[in-house]
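In: Starting from these lines, generate the structure:
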Amino acid sequence: MTNNVASPGPSQRTDELWGHPKGLYVLFFTELWERFSYYGMRAILVLFLVAKVKEDAHGGLGWTRQEALALYGWYTMLVYVASIPGGWLADRVFGQKKAVMYGGLLLCVGHGIMAIHGMAFFYSALALIILGVGLLKPNISTMVGGLYATGDARRDKGFTIFYIGINLGALGAGLIVGAIGETIGWHYGFGLAGIGMLVGQAVYGWGQRYLTDVGNVPQLAGNSGAAAKADAPLTAIEKDRVKVLVLSFLIVIVFWGAFEQAGGLMNLYTKDKVNRMAGGWEVPASVFQSLNPLFIILFGTLVANFWYRRAERSKEASSLFKMAVGTMIMGTGFLFMVGAAQEAGVDGKAGMYWLFAAYLFHTIGELCASPVALSFITKLAPAKYASLMMGVYFATTGFGNKIAGLLGEAASEAGELAIFGGIFGFTFVFGALILALLKPLNRLTHNAEQFQTDGGH
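Out: Got it, this is the predicted structure:
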């Protein structure tokens, strides 16, 4: 008998709200504010780096585009690679609940320092944010999975709800932090991101009463024999499932290597080559970073319900299928960026409508792939490696971010048209390859995704 992340207890409690454990909403609002701070900084980081050096609040660092995209790639990679030690510490030392608490504290300090002028403060802030996200990100996601019993059909929906919380934070970040950073002053924007993190930390502290059964130190989790299970070798079924997880991580790298052009190359492209005039007002480039979270909020439950109904009709709806299809849909969004690059080549500027269409396809693809990948890990990961495997997932997200930075840098030589077109072609072929291998890969999961309509009770 295998032991996956979720235990049967939490989802059977009576403390539920709108059909889900109340702890889900605590984690929802904690992650909302953490993502507000992260995406707020992300929305203006590259723009701040390339802005001209001035003696006022509008002064940037005056870096070249290549230098800015290189730092962006390293930073966004390390933020997620730090999830590996963060997950290991949770599994072996702190437990997930304390790891999230400690990570939140580091983030509060890091974002606070980011608001202070000076390169020493700037690099120190980046380091603290990297460490903080490394502790918080994999473990808060694992705790979401721990709220549901093995086989509980609500789990994917729970992760979609959680994912909507992430994107509510990201939406506010682009609209508020981005606009304030660009129009009033970069460090005011960074400071506002820090305030958001403080709110998230307060929510998490208040909601501990609803998280008593999840995220504890493994040996104290109330499961007799936990220590013995931690030392036991993996079973043959667990080894097969780990193999599938490793392959899913490759999909994650490809997906985010393409998708994360949003904060780098597409952000700079929007600033320099898109006509952003609307009614006599020039829309700040960073505000377009809110399109993706806005679309997620609008379409998140629709996409989740589509897949749920498809599974009810016994049609293919495995996680790997969703991730492959999602990668292809997201990649198709770059066809619209090809159109934007062609129009800009003729008229000097591209219309904003290209961005709306590209971000819409990116979002639909993300909704098919990303929350599903989180849920997939909690279904297949052996219990003793729960947070570590989630950490590896976020680390692969980080590698994808680094690839995104490298592709952005390559645009200086190859041109945006070649990069956007190349991303579309590669993601479409890659997704089709996964679909061709779907049946043997699904067999390796050993029915870990067996659909249940009774809520797993």
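In: Name the nearest residue to residue 217, sequence neighbours excluded.
Out: residue 95 (3.8 Å; C-beta to C-beta, 6 or more residues apart in numbering). To be clear about C-beta, it is placed using only N, CA and C from the backbone, and glycine gets the same treatment.
In: Check which element follows the worst-scoring helix or strand of the chain on mean pLDDT along the chain.
Out: One helix or strand of the chain scores below all others by mean pLDDT, DSSP states H and E: helix 226-231, with a mean of 58. Next helix or strand after helix 226-231 toward the C-terminus (DSSP states H and E): helix 236-259.
In: Which helix or strand lies directly C-terminal to that next one?
Out: Downstream of helix 236-259 (by DSSP H and E), the next one is helix 265-273.
In: got the angle between that following helix and helix 236-259?
Out: Interaxial angle of helix 265-273 relative to helix 236-259 (axes from the mean of the first three to the mean of the last three C-alpha atoms, to 10 degrees): 10 degrees.
In: Tell me the buried residues in helix 265-273?
Out: Neighbour-count burial for helix 265-273, with 16 or more other C-beta atoms under 10 Å as criterion, is recorded at 265, 266, 267, 268, 269, 270, 271, 273.
In: Looking at the residues you listed, which is nearest residue 133?
Out: residue 267 (19.7 Å; C-beta to C-beta).
In: ok, residue 118 to residue 187 distance?
Out: The gap separating residue 118 from residue 187 is 10 Å, by C-beta to C-beta, to the nearest Å.
In: Apologies, that question was intended for residue 322.
Out: In terms of C-beta to C-beta, residue 322 sits 41 Å off from residue 187.
In: Which one's more surrounded, the two?
Out: Neighbours were counted for residue 322 and for residue 187 using other C-beta atoms under 10 Å; residue 322 has more, 24 against 18.
In: The helix or strand hosting the more buried one packs against which elements?
Out: With secondary structure defined by DSSP H and E, residue 322 is part of helix 319-347. For helix 319-347, the packing partners by 3 or more C-beta pairs under 8 Å, 6 or more residues apart in numbering; DSSP states H and E come out as helix 236-259, helix 265-273, helix 352-380, helix 416-436, helix 438-443.
In: got the angle between it and helix 416-436?
Out: 160 degrees.
In: Who are the contact partners of the closest residue to residue 354 other than its chain neighbours?
Out: Closest residue in space to residue 354, ignoring its immediate chain neighbours: residue 340 at 3.7 Å, by C-beta to C-beta, 6+ apart. Residues near residue 340 by C-beta atoms under 8 Å, 6 or more residues apart in numbering: 269, 273, 274, 350, 351, 354, 355, 358, 420.
In: Let me see the confidence value for residue 340.
Out: Looking at residue 340, its pLDDT stands at 95.
In: picking that back up, residue 286: which of the buried residues of helix 265-273 is nearest?
Out: After measuring those against residue 286 - C-beta to C-beta - the closest member comes out as residue 267, at 7.2 Å.
In: Wait, that closest one touches residue 48, no?
Out: No - using C-beta atoms under 8 Å, residue 267 is not in contact with residue 48; the gap is 11.2 Å.
In: roughly how far apart are the nearest residue to residue 177 once chain neighbours are set aside and residue 322?
Out: Distance criterion C-beta to C-beta, 6+ apart; nearest residue to residue 177, sequence neighbours excluded, is residue 40 at 3.1 Å. Distance of residue 40 to residue 322, given as C-beta to C-beta: 29 Å.
In: repeat for residue 345
Out: 36 Å.
In: Report the contact partners of residue 68.
Out: With C-beta under 8 Å, 6+ apart, residue 68 has these contacts: 46, 49, 50, 268.
In: How far off centre is the host helix or strand of the first one?
Out: Meaning residue 46. For residue 46, the host element (DSSP H and E) is helix 22-50. Here helix 22-50 shows a centroid-to-chain-centroid distance of 10 Å under the convention C-alpha atoms, centre = their mean, to the nearest Å.
In: In this structure, which residue is most central in space?
Out: For the chain, the residue nearest the mean C-alpha position is residue 370 (7.2 Å; C-alpha atoms, centre = their mean).
In: okay, and for the stretch 201-350 of the chain, where does confidence drop off?
Out: Within the stretch 201-350 of the chain, the segments meeting pLDDT under 70 span 218-228, 230-231.
In: what's the neighbour count on residue 348?
Out: The tally of other residues near residue 348 (other C-beta under 10 Å) stands at 9.
In: how near is it to residue 273?
Out: Residue 348 sits at a distance of 8 Å from residue 273 (criterion: C-beta to C-beta).
In: ditto for residue 295
Out: 22 Å.
In: now swap in residue 440 and tell me
Out: 44 Å.
In: show me where pLDDT drops low in the stretch 51-200 of the chain?
Out: Ranges of the stretch 51-200 of the chain meeting pLDDT under 70: 55-57.
In: Just the helices from it, written as ranges.
Out: Along the stretch 51-200 of the chain, counting by DSSP state H, counting those that start in this stretch, helices occupy 65-81, 83-89, 96-114, 119-146, 154-172, 179-183, 186-206.
In: Next up, the contacts around residue 406.
Out: Going by C-beta under 8 Å, 6+ apart, residue 406 touches residue 73.
In: going forward, begin numbering at 23 instead of 1
Out: OK, 23 is where the count begins now, so the last one is residue 428.
In: which stretch of helix or strand covers it?
Out: helix 408-436.
In: in that helix, what's buried?
Out: Under the neighbour-count criterion of 16+ other C-beta under 10 Å, helix 408-436 has 408-427, 429-433 buried.
In: Could you do stretch 105-115 as well?
Out: Neighbour-count burial for stretch 105-115 [16+ other C-beta under 10 Å]: 105, 106, 107, 108, 109, 110, 111, 112, 113.
In: ok, the residue nearest to residue 98 when sequence neighbours are not counted - contacts?
Out: Leaving aside its sequence neighbours, residue 98 sits nearest to residue 423 (C-beta to C-beta, 6+ apart; 3.6 Å). Contact analysis of residue 423 by C-beta under 8 Å, 6+ apart lists 95, 98, 99, 101, 102, 278, 279, 282.
In: For the closest residue to residue 91 other than its chain neighbours, list the residues it contacts.
Out: Closest residue in space to residue 91, ignoring its immediate chain neighbours: residue 430 at 4.2 Å, by C-beta to C-beta, 6+ apart. When contacts are counted by C-beta under 8 Å, 6+ apart, residue 430 touches 91, 94, 95, 283, 286, 287, 290, 441.
In: dump the residue contacts of the second one.
Out: It refers to residue 94. Residue 94 makes contact with 67, 68, 71, 285, 286, 427, 430, according to C-beta under 8 Å, 6+ apart.
In: Would you mind confirming that the first one makes contact with residue 95?
Out: No - counting by C-beta under 8 Å, no contact exists between residue 67 and residue 95, whose distance comes to 11.4 Å.
In: Can you list phi and psi of residue 372 for me?
Out: For residue 372, the backbone dihedrals (degrees, to the nearest 10) come out as phi -100, psi 160.
In: re earlier: can you say which of the contacts of residue 94 are buried?
Out: By 16+ other C-beta under 10 Å, the contacts of residue 94 give 67, 68, 71, 285, 286, 427, 430 as buried.
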